[in-house]
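just a sequence and a predicted model for now, questions to come.
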Amino acid sequence: MRAKVDADTCTGCELCTQTCPEIFYMKGDVAEAKDIDVPAEYEDACKQAAEECPVEAIIIK
Ligand code: SF4
């Protein structure tokens, strides 16, 4: 599983970086996801971050 942030859509609210800091971090005004396979122990938090993103900018594959 991998996560990606659509930088054009992200509003920089930082919610995902609080919900799943192991994967999401701020880069300037927008969030980015680490370009790694999400470790199994962080999958639930990563999915939660995607579901809770107010603008649905997080894509999970
Ligand atoms: S929760 Fe969504 S809008 Fe907020 S920083 Fe993360 S990707 Fe951006």
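Perfect, thanks for sending it.

quick one: contacts for residue 25?
17, 31-32, 34 (C-beta atoms under 8 Å, 6 or more residues apart in numbering). To be clear about C-beta, it is placed using only N, CA and C from the backbone, and glycine gets the same treatment.

tell me how far the helix or strand hosting it is from the chain's mean position?
Using DSSP states H and E, residue 25 maps to strand 24-27. Here the centre of strand 24-27 is set off from its chain's centre by 8 Å, with C-alpha atoms, centre = their mean, to the nearest Å.

from the contact counts, what lies against the helix or strand that that strand is followed by?
Note on strand 24-27: by DSSP H and E, the next helix or strand toward the C-terminus is strand 30-33. Packing contacts for strand 30-33, counted by 3 or more C-beta pairs under 8 Å, 6 or more residues apart in numbering; DSSP states H and E, involve strand 3-5, strand 24-27.

ranking those by burial, who's on top?
strand 3-5 (a mean of 21; mean count of other C-beta atoms under 10 Å).

and for whatever helix or strand comes next after it, what's in contact with it?
Downstream of strand 3-5, the first helix or strand assigned by DSSP H and E is helix 15-19. Residues outside helix 15-19 that contact it (C-beta under 8 Å, 6+ apart): 5, 24-26, 31, 45, 48-50, 52-54, 58.

any part of helix 15-19 near the ligand?
Yes. If you take C-beta under 6 Å from any ligand atom as the test, helix 15-19 does meet the ligand, through 15-16.

can you pull the buried residues of that helix?
15-17, 19 (16 or more other C-beta atoms under 10 Å).

centre of the chain to it, how far?
On C-alpha atoms, centre = their mean, the centre of helix 15-19 falls 7 Å from the chain's centre.

right, I'll leave it there.
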